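Participant: A structural model of the following input is requested.
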Amino acid sequence: MDLFNALTSAVFDVLLAPFGYRLAWFDLVLWPVLAGIGALLVYKKVSNQAGIAAAKQRIMVHILAVVIYRDDILGVLRSTARALGWNVRYLAHNVVPLLVMIVPMTVLMVQLVAHFAYRPLEKGDVRLLEVALDPESGVSPKAVQLQVPQGVAVDAGPVRTPDGQVVWRLKMQDEGDFTLRLTAGDEAQNKALAVGGGPRKVPVLRSKTWEALLYPGEAALPRKSAFESIRVAADERDVSPLPGGEGGIVLWFFGTSLVAGFLLRNRFGVTL
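Facilitator: Below is the predicted model:
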């Protein structure tokens with residue numbers, strides 16, 4: 001998981017660098033369109049285009065039969081059942097290209113979110129540092145300690161709960177890229193913190209679960225770590241006129257790639 005994030009981040013940190021973080025709108029238009037074109041090429045190569053066209057034609061024929069012979073109840077039922085059967089075939093023809101595309105599309109979307117969805121915290125901001133312990137580690141929340149660098153102050157906490165949660169309230173006193181240090185017994189883990197400065201890739205979460213794949217801003221936690229996750233919430237970045245934040249970029253990515261693929265399907269000779 002950590003190796004996968006490191007490799008994909010190394011690639012996209014270079015690909016997204018030429019126009020810089022300040023021109024987020026350019027990458028947020030360019031890459032979804034390219035993803036839509038890539039999806040068309042995948043469909044053309046790996047899908048059964050003849051089967052898709054035939055299934056669509058059969059579906060339309062049976063739908064028209066329902067409309068034309070609507071007074072024939074048995075005929076309507078037969079045509080409806082046949083239309084549903086061909087619809088299942090149509091969906092089946094789409095399974096293989098979807099499986100081929102799901103990994104690269106998800107990687108691209110995750111990288112766009114990591115680079116452009118969040119902004120650094122500001123001097124004077126107060127945020128919660130939330131630590132979750134692995135229930136199977138046997139480590140008590142009382143064993144978790146925090147060391148903060150100069151420029152970050154502990155405003156309140158820690159608050160420890162029986163279910164393995166430890167929370168501090170931190171205040172950002174200076175600008176910079178800081179490292180928080182957490183210890184649990186003999187184990188020590190770091191958490192990056194970005195405060196002030198220009199737009200850049202903002203670290204939000206370190207985890208040892210599947211969530212680490214969605215937050216490649218810093219290394220995943222080791223599988224044997226007593227820590228399950230370490231989070232400092234970040235504010236959403238404004239990328240007007242496009243939708244901002246994690247949810248906005250995800251919806252924009254899928255919507256734009258689908259529209260681009262639909263509009264360009266005839267140019268690439270693809271039947272969807």
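Participant: residues in contact with stretch 86-94?
Facilitator: Defining contact as Cβ atoms under 8 Å, 6 or more residues apart in numbering, one finds that stretch 86-94 is touched by 47, 48, 51, 52, 55, 56, 58, 59, 62. The C-beta positions use only the backbone N, C-alpha and C, and glycine is treated the same way.
Participant: per-domain residue ranges of this structure.
Facilitator: Listed by automatic domain parsing, the domain ranges of the chain are 2-117+244-264, 119-235.
Participant: which one, of the ones you listed, ends up nearest to residue 272?
Facilitator: In terms of Cβ to Cβ, the element of those nearest to residue 272 is domain 2-117+244-264, at 6.8 Å.
Participant: avg pLDDT for that closest one?
Facilitator: The average pLDDT within domain 2-117+244-264 is 88.
Participant: now the end-to-end length of it.
Facilitator: Domain 2-117+244-264 stretches 36 Å from its first residue to its last (Cα to Cα, to the nearest Å).
Participant: what about it, distance to the chain center?
Facilitator: 16 Å (Cα atoms, centre = their mean, to the nearest Å).
Participant: any chance of the domains of the chain in CSV, plus mean neighbour count and distance to residue 272?
Facilitator: Putting those into CSV (neighbours: other Cβ atoms under 10 Å; distance: least, Cβ to Cβ, whole Å) gives the following:
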stretch, mean neighbour count, distance to residue 272
domain 2-117+244-264, 16, 7
domain 119-235, 17, 28
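Participant: separation between residue 14 and residue 33?
Facilitator: Separation of residue 14 from residue 33 (Cβ to Cβ, to the nearest Å) stands at 20 Å.
Participant: oh, I was asking about residue 200
Facilitator: In this view, residue 200 and residue 33 are 24 Å apart by Cβ to Cβ.
Participant: then residue 12?
Facilitator: 16 Å.
Participant: excluding residues flanking it in the chain, which one is nearest residue 44?
Facilitator: The shortest distance from residue 44 to any non-neighbouring residue, by Cβ to Cβ, 6 or more residues apart in numbering, is to residue 270 (4.9 Å).
Participant: check residue 65 too.
Facilitator: Using Cβ to Cβ, 6+ apart and skipping residues adjacent in sequence, the residue nearest residue 65 is residue 79, 4.1 Å away.
Participant: what sits against residue 16?
Facilitator: By Cβ under 8 Å, 6+ apart, residue 16 lies in contact with 27, 111, 115.
Participant: the residue nearest to residue 65 and residue 60 touch, don't they?
Facilitator: No: applying Cβ atoms under 8 Å, one finds residue 79 not in contact with residue 60, separated by 11.2 Å.
Participant: okay, which residue is most central for this protein?
Facilitator: Among the residues of the chain, residue 110 comes closest to the average C-alpha position under Cα atoms, centre = their mean, at 3.7 Å.
Participant: surely the residue nearest to residue 44 forms part of a strand?
Facilitator: No: secondary structure of residue 270 (DSSP: H, G, I helix; E, B strand; the rest coil): coil, not part of a strand.
Participant: can you report phi and psi for it?
Facilitator: Backbone dihedrals for residue 270, given as degrees, to the nearest 10, come out at phi -110, psi 130.
Participant: tell me the pLDDT of it.
Facilitator: At residue 270, the model reports a pLDDT of 87.
Participant: what's near enough to touch it?
Facilitator: Going by Cβ under 8 Å, 6+ apart, residue 270 touches 40, 43, 44, 49.
Participant: and residue 117, by the same measure?
Facilitator: Residue 117 sits next to 236, 237, 244, 245, 246, 248, 249 when contact means Cβ under 8 Å, 6+ apart.
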